[in-house]
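Participant: return atomic coordinates for the entry below.
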Amino acid sequence: MIQIWHNPRCRKSREGLAVLEATKINFEIIKYLDSPPSENELTKTIRKMGIQPMDLVRTKEAIWKENFKGKDLSNKEIIKAMADNPKLIERPVVINGEKAVLGRPAENILSIL
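Facilitator: Next up, the predicted model:
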């Protein structure tokens, strides 16, 4: 089943949700701030996206600036930071089987449906 890692307070995330709703395809909403993905889930999703962990980090978040910015972190450490602080995860992330995409812009979602 298709999943969207969603933050209802985020405009971009709401736009991604609207794209999914318009397709009439069944999907599951994961409010990732309430139910954060594990390090393992993040690792698998990043692999499906074909990106580096840093590409999924919200570097403008205060948590990042205060605790991680300027440090030489390994990919594993970056993933741990996102698992421990889900606000650092860029959104929305949409997963469809072995494919995943960042829904920024929201039209990116259509490429994996």
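Participant: in stretch 94-105, which residues are buried?
Facilitator: Applying a neighbour-count criterion of 16 or more other Cβ atoms under 10 Å, one finds 94-96, 100-104 buried in stretch 94-105. Bear in mind the C-beta positions are built from the backbone N, C-alpha and C, glycine included.
Participant: try stretch 72-89
Facilitator: In stretch 72-89, counting by 16+ other Cβ under 10 Å, buried: 73, 78-79, 81-83, 85-86, 88-89.
Participant: so which of those residues belong to helices?
Facilitator: 78-79, 81-83 (DSSP state H).
Participant: tell me the contacts of Tyr32?
Facilitator: Tyr32 sits next to 5-7, 86, 89, 91, 93 when contact means Cβ atoms under 8 Å, 6 or more residues apart in numbering.
Participant: one more time with 10 Å
Facilitator: Neighbour list for Tyr32: 3-7, 13, 41, 82, 86-87, 89, 91-93 [criterion: Cβ atoms under 10 Å, 6 or more residues apart in numbering].
Participant: just flag the most distant two among the residues you listed.
Facilitator: Spatial extent of those (Cβ to Cβ) is set by the pair Gln3 and Lys87 at 18.9 Å.
Participant: which residues touch the longest helix seen in the chain?
Facilitator: The longest helix of the chain (DSSP H) is helix 11-23. With Cβ under 10 Å, 6+ apart as the test, helix 11-23 has contacts from 2-8, 10, 26-27, 29, 31-32, 90-94, 101-110, 113.
Participant: pull the CA atoms of stretch 14-34 into PDB?
Facilitator: The C-alpha trace of stretch 14-34 is given here as PDB (Å, rounded to 0.1, in the frame of the first residue of the first chain):
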ATOM      1  CA  ARG A  14      -0.900  19.100   2.500                       C
ATOM      2  CA  GLU A  15      -0.300  19.700  -1.200                       C
ATOM      3  CA  GLY A  16       1.200  16.200  -1.500                       C
ATOM      4  CA  LEU A  17      -1.800  14.700   0.300                       C
ATOM      5  CA  ALA A  18      -4.100  16.500  -2.100                       C
ATOM      6  CA  VAL A  19      -2.300  14.900  -5.100                       C
ATOM      7  CA  LEU A  20      -2.800  11.500  -3.600                       C
ATOM      8  CA  GLU A  21      -6.400  12.100  -2.800                       C
ATOM      9  CA  ALA A  22      -7.000  13.300  -6.400                       C
ATOM     10  CA  THR A  23      -5.800  10.000  -7.800                       C
ATOM     11  CA  LYS A  24      -8.500   8.000  -5.900                       C
ATOM     12  CA  ILE A  25      -5.800   5.400  -5.100                       C
ATOM     13  CA  ASN A  26      -5.900   3.900  -1.600                       C
ATOM     14  CA  PHE A  27      -3.100   5.100   0.600                       C
ATOM     15  CA  GLU A  28      -2.100   5.200   4.200                       C
ATOM     16  CA  ILE A  29      -1.300   8.500   6.100                       C
ATOM     17  CA  ILE A  30       1.600   8.200   8.500                       C
ATOM     18  CA  LYS A  31       1.800  11.200  10.800                       C
ATOM     19  CA  TYR A  32       5.600  10.800  11.100                       C
ATOM     20  CA  LEU A  33       5.900  13.300  14.000                       C
ATOM     21  CA  ASP A  34       3.600  11.200  16.100                       C
END
